[in-house]
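Engineer: Could you look at this predicted model? Sequence included:
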Amino acid sequence: MIKLKKILSAGVTLLATTMMVACGSSNSSSSSSSSSTKNTDTNSAKVTFKTDSKKGDSKGGDLKVAEINDTPFSADWLPEIQTSAVDEHIMRWASESLFKTDDNFNIQDGGPANIKFDDKAKTATITINPKLKWSDGKKVIAKDLEYPYEIIGNKDTESERYNDQYENIEGMKEYHEGKAKTISGITYPKGEDGDSIVIHFKEIKTGMDVSGNGWYSENAEPYHYLKDVAFKDLKASKQNKVAPLFFGPYKVKHIVGGQSVTFEPNEEYYRGKPKLDSVTVSIVNPATLTQQIKAHKFDIIQVRSSNWKSVKNTSGYNYLGVKPMEYTYLAFRVGSLDRVKNVNTENPKAKMGNQNLRQAMAYAMNVDQVVDKFSNGLGYRDTTLIPTAFGEFHDSKAKGFPYDPAKAKKLLDDAGYKMGKDGYRTDPKGKDLTITFAAMSGKPEQQAIVNNYIQKWKEVGLKVKLLNGKLTEFNSFYDNLKSTSQGNIDVFMAAWSLSSEPSAAASMWSSNQPMNFSRFSSKTNDKLIRDVQSQASATNHDHFVKSMIKWQDNMNKEAYIVPLDRAYNVYAVNKKVENYSRKLAFNDYYNVGLSK
């Protein structure tokens, strides 16, 4: 298969996760003295940060970590069910990927499991580290490697993870449709109790040797612990919500519902006992963030861009940061999801189905001004859905949607949206047009940002109102978006945290992707995504790059999903914390320590 060239810009590595997760309103470390991030991009923030804390070999101590969110966590700890970035962030101390990677997320041998591809046979063989055990002492076996595919593929689970990428595995579609009781394309060379599985693919695809590619699972699940739970009951089960099992460096000791998780060392961890006595991750309301930092309540706590100026000189912390793989976007709800066929179907009569209307709303938004006002130099307007961290895969010529109210008005005029006497436009059929806009709570400045955009849309003649007249709580917001029906939302503003392989960032917007919450279905978009995933892209690097550029250009043209902005991920880290990093490929929680 094609070996991806280095895809990361200077000093930037990618998110240590194999999934794309919804965000609210990240192995060994190098020394902090040699790891500052430099901005060379035209659309970049105005500051730089170190990425690593100091080195050390201290043992013991109780680490306190803050997770910033204005609502309780949803407590979906199984990755196959998980869709919230908050849940994923919390469980990183216990949940570990099967595969070790380098800083560019290329998969390497020597982790919990190894993977070997056979391009001719179109297979991948995954072999378990003989020392690997679950935190209850049971050995990780071959069936544990296979079970995530059953969870993802079974209709009763209603996993948002299932998409057409998984159908590249032989027998996966038949299993998903209920035509087969097992997945024929996953076999056990040494039996279900053995140490390996073989995955049989229909095709070898682009970037399969890069973590986060989306073509196979990078997790295992304890079959002995989950087998008696019906798939329809898995989400609500204690095995998911209260007492999950992992093979990572820590295990769950105590959960305070929606508020905090305390971890203790996993004595069965294959690398040995981790350095800390305990780790407690707590939800912290963003409204109290400045107060929490100045009071030194936590050893690791995120700094929101709006709080940066008020906390940046607080003593006792190192401020570590990196360009994000998260982005904020505007999306137009134009269809529904057929859960049986796993296909988004666009409604030809959808209110937001007009391309000119979508583009006009994008050009009417003063994103640069908002970023300048609220990000304190940490943010920048996005021009495409592929971040600059992906290097040549990012379309550097894309302009996105800079503020241009005159262009917005012309687009609306050309499409027949006529201005009425009340200052608002009617639709092309002359009917009143009111657009319902959903945005989540979570940031102190969010209401001001939303009010600003509603005013800017009004200035070009569009009547936009907030869903239920207010911002929507995080969990309720995403519950609404996950609905299979078109619902009562016309436009929404949300955020995504991307995985680490560029083609996966494109494929998430296909018509077969349940997490395409816009529910749009474009033949052109699907065709371009197929080219991104094609054998031509898998065997020819230049073709892969060009296919990604074409896809980005079309996404901006069709404007179902409009990129808005990104901001540096900055964390205040206690100067006593050792071997911690904000490099987005970081996953060595085993070595994190706390000096006396």
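Structural biologist: Everything's here; your move.
Engineer: Name the residues that touch the helix or strand that Val279 is a member of?
Structural biologist: Here Val279, judged by DSSP states H and E, is contained in strand 278-284. Around strand 278-284, the neighbours that count as contacts under CB atoms under 8 Å, 6 or more residues apart in numbering are 62-69, 71-73, 86, 89-90, 93, 250, 253, 258-264, 292, 298, 301. Just so you know, the C-beta spots here come from the backbone N, C-alpha and C atoms, and that holds for glycine as well.
Engineer: do the same with stretch 440-448
Structural biologist: Stretch 440-448 is contacted by residues 24-25, 69-71, 286-287, 304, 306, 374, 439, 449, 471-474, 477-478, 493-494 when judged by CB under 8 Å, 6+ apart.
Engineer: Now the buried members of the residues you listed.
Structural biologist: For the contacts of stretch 440-448, a burial check counting by 16 or more other CB atoms under 10 Å picks out 24-25, 69-71, 286, 304, 306, 374, 439, 449, 471-472, 474, 477-478, 493-494.
Engineer: so what pLDDT did the spatially most central residue of the chain get?
Structural biologist: Most central in the chain under CA atoms, centre = their mean is Ser497, positioned 2.5 Å from the mean C-alpha point. Ser497 carries a pLDDT value of 79.
Engineer: Got the phi and psi for it?
Structural biologist: Main-chain torsions, Ser497, degrees, to the nearest 10: phi -110, psi 120.
Engineer: I'd like to know which elements the longest helix along the chain is packed against.
Structural biologist: Using DSSP state H to define each element, the chain has its longest helix at helix 541-558. Counting contacts by 3 or more CB pairs under 8 Å, 6 or more residues apart in numbering; DSSP states H and E, helix 541-558 is packed against helix 355-363, helix 502-507, helix 523-532, helix 535-539, strand 561-567.
Engineer: try it again with 6 Å
Structural biologist: In this structure, helix 541-558 packs against helix 523-532, helix 535-539, with contacts taken as 3 or more CB pairs under 6 Å, 6 or more residues apart in numbering; DSSP states H and E.
Engineer: Now it: average pLDDT?
Structural biologist: In the prediction, helix 541-558 has an average pLDDT of 96.
Engineer: And the contacts of it?
Structural biologist: Contacts with helix 541-558, where a contact means CB atoms under 6 Å, 6 or more residues apart in numbering, come from 206, 384-386, 392-393, 395, 502, 506, 522, 524, 528, 531-532, 536-537.
Engineer: Quick check: can you list the domain ranges of the chain?
Structural biologist: The record's domain parsing of the chain by automatic domain parsing lists 1-94+248-323+568-596, 97-232, 326-567.
Engineer: Adding distance to Lys238, write these out as JSON lines.
Structural biologist: Output for those, formatted as JSON lines (distance: least, CB to CB, whole Å):
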{"stretch": "domain 1-94+248-323+568-596", "distance to Lys238": "10"}
{"stretch": "domain 97-232", "distance to Lys238": "9"}
{"stretch": "domain 326-567", "distance to Lys238": "20"}
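Engineer: List the buried residues of stretch 285-299.
Structural biologist: Quick answer for stretch 285-299 (16+ other CB under 10 Å): 286, 289-290, 292-293, 298-299.
Engineer: Out of those, which is nearest to Asp193?
Structural biologist: Asp299 (41.4 Å; CB to CB).
Engineer: Any chance you could list what contacts stretch 267-275?
Structural biologist: 59, 129, 131-133, 135, 137, 249, 265, 590, 593.
Engineer: Quick one: buried ones out of these?
Structural biologist: Here, 16+ other CB under 10 Å leaves 129, 132-133, 135, 249, 265, 590, 593 buried among these.
Engineer: pLDDT value on the residue of the chain most remote from its centre, please?
Structural biologist: Taking CA atoms, centre = their mean, the residue of the chain most remote from its mean C-alpha position is Lys421, at 44.2 Å. pLDDT recorded at Lys421 is 93.
Engineer: May I have the phi/psi pair for it?
Structural biologist: Dihedral pair for Lys421: phi -70, psi -20, per degrees, to the nearest 10.
Engineer: What residues sit buried inside the longest helix of the chain?
Structural biologist: Buried, per 16+ other CB under 10 Å, within helix 541-558: 543-545, 547-552, 554-556, 558.
Engineer: Nearest to Ser336 among these?
Structural biologist: Glu558 (18.4 Å).
Engineer: Quick check: chain neighbours aside, which residue is closest to Ile115?
Structural biologist: Ile126 (5.1 Å; CB to CB, 6 or more residues apart in numbering).
Engineer: that older thread, relative to helix 355-363, how tilted is the longest helix of the chain?
Structural biologist: Between the axes of helix 541-558 and helix 355-363, defined by axes from the mean of the first three to the mean of the last three CA atoms, to 10 degrees, the angle is 90 degrees.
Engineer: The closest residue to Ser522 other than its chain neighbours and Ser282, how far apart?
Structural biologist: With CB to CB, 6+ apart as the criterion, Ser522 has its nearest non-adjacent residue at 5.9 Å, and that residue is Glu558. Using CB to CB, to the nearest Å, Glu558 is found at 42 Å from Ser282.
Engineer: swap in Asn129?
Structural biologist: Taking CB to CB, one finds Asn129 at 32 Å from Ser282.
Engineer: With Ile197 instead?
Structural biologist: 38 Å.
Engineer: For the two, indicate the residue with more neighbours.
Structural biologist: Applying other CB atoms under 10 Å to Ile197 and Ser282 shows that Ile197 carries more neighbours, namely 25 against 18.
Engineer: Correct me if wrong, but the more buried one is in a strand.
Structural biologist: Yes: under DSSP: H, G, I helix; E, B strand; the rest coil, Ile197 falls within a strand.
Engineer: ok, it to Val256 distance?
Structural biologist: 37 Å.
Engineer: For Ser522, see how far away Asn554 is.
Structural biologist: 8 Å.
Engineer: scratch that, Ile90 is what I was asking about
Structural biologist: 36 Å.
Engineer: More neighbours: these two, which one.
Structural biologist: Ile90 (25 against 19).
Engineer: ok, that one - contacts?
Structural biologist: 67, 261, 281 are the contacts of Ile90 under CB under 6 Å, 6+ apart.
Engineer: Name the nearest of the residues you listed relative to Ala572.
Structural biologist: Nearest member of the contacts of Ile90 to Ala572, counting by CB to CB, is Glu67, at 13.5 Å.
Engineer: Alright, I will stop here.
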